[in-house]
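Enquirer: Let's see this in three dimensions:
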Amino acid sequence: MSANLQENFKSEDSPKILFEQTVKGSRKVSNYLIGAMLSIGGIGFLLASGSSYLGTDLLPLGRPSTLIFVPQGLVMGLYGIAASLLAIYLWRLISVDFGSGVNVFDKEAGLLVIKRQGFLKEILVEIPLKDINAVKLDVREGFNSKRRISLRIKGRKDLPVSQIGAPQPLLELEQEAAQLARFLGVGLEGF
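Expert: Now for the predicted structure:
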């Protein structure tokens, strides 16, 4: 059935009844790089700590066996444990593609369906399209810049529907918000 709806959306003769937005999750190049650096650093600190405890060099770099175990080797071991735990957490987020999902605006069913991949389970939110008052474009520049598209919903807080991460170019964000507002038949609020 969804294949038929998507075909109707692409057909120029029929009215558009389905609008889908895909949202990227945590599978980004930057997360892979940070995960690799945390893994390598954590293992390096653990090996340096083990070298200072055992008195033998487990690392080919430097001479960590000459470190005194208390306090230097012990502190390096704590750094290694912390980095390894952070790396495990980040690799878990990458493996489940945390935050990825889809926004489906379906005029035929009269629903907005938001699906996101959570840490342990999938999150599903359904909102009637008639409750959407406007599409809001939030733009804040500066040190902690923010560029996102939100929906104004009756009786609720604004619901962000754009992806997080690196800010999109302003022109693309404006075009996406205008396209969504036209599809929903509601106003576009800016800045």
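
Enquirer: The spatially closest residue to residue 67 that is not a sequence neighbour: how many residues sit nearby?
Expert: Here the nearest residue to residue 67 in space, its sequence neighbours aside, is residue 52; by Cβ to Cβ, 6 or more residues apart in numbering that works out to 3.9 Å. Heads up, the C-betas are built off the backbone N, CA and C, glycines and all. Taking other Cβ atoms under 10 Å as the neighbour definition, residue 52 ends up with a count of 23.

Enquirer: Pull out the buried positions in the helix of greatest length in the chain.
Expert: Using DSSP state H, we find that the single longest helix of the chain is helix 29-54. Under the neighbour-count criterion of 16 or more other Cβ atoms under 10 Å, helix 29-54 has 31, 35, 38-39, 41-42, 44-53 buried.

Enquirer: What is the nearest of those to residue 115?
Expert: When the buried residues of helix 29-54 are ranked by distance to residue 115 (Cβ to Cβ), residue 31 comes first, at 20.7 Å.

Enquirer: Run through the residues that contact the residue lying closest to that closest one once chain neighbours are set aside.
Expert: In space, not counting the residues next to it along the chain, residue 31 is nearest to residue 94; the distance is 5.6 Å by Cβ to Cβ, 6+ apart. If a contact means Cβ atoms under 8 Å, 6 or more residues apart in numbering, then residue 94 has 26, 27, 31, 32, 35 as its contacts.

Enquirer: Surely the second one and residue 97 touch.
Expert: The reference is to residue 27. Yes. Judged on Cβ atoms under 8 Å, residue 27 makes contact with residue 97 at a distance of 5.1 Å.

Enquirer: Just the endpoints, please. Distance across stretch 139-146?
Expert: Stretch 139-146 has an end-to-end distance of 6 Å (Cα to Cα, to the nearest Å).

Enquirer: Same question for stretch 49-60.
Expert: Start-to-end span of stretch 49-60 (Cα to Cα) is 14 Å.

Enquirer: Mind listing residues that contact that stretch?
Expert: When contacts are taken as Cβ under 8 Å, 6+ apart, the neighbours of stretch 49-60 outside the stretch itself are 44, 47-48, 63-69, 72-74, 76-77, 80.

Enquirer: Report the rounded mean pLDDT for it.
Expert: Confidence over stretch 49-60 (mean pLDDT, whole number) is 93.

Enquirer: One more: stretch 63-72?
Expert: Across stretch 63-72, the per-residue pLDDT values average to 91.

Enquirer: outside of that stretch, which residues touch it?
Expert: Looking at what lies outside stretch 63-72 - Cβ under 8 Å, 6+ apart - the contacts are 47-49, 51-58, 73, 76.

Enquirer: at 6 Å what do you get?
Expert: For stretch 63-72, the surrounding residues in contact (Cβ atoms under 6 Å, 6 or more residues apart in numbering) are 48, 51, 52, 53, 55, 56, 57, 73.

Enquirer: nearest to residue 117, of those residues?
Expert: Set against residue 117, the nearest of the contacts of stretch 63-72 by Cβ to Cβ is residue 48 (36.6 Å).

Enquirer: That's all I had, so thanks and see you.
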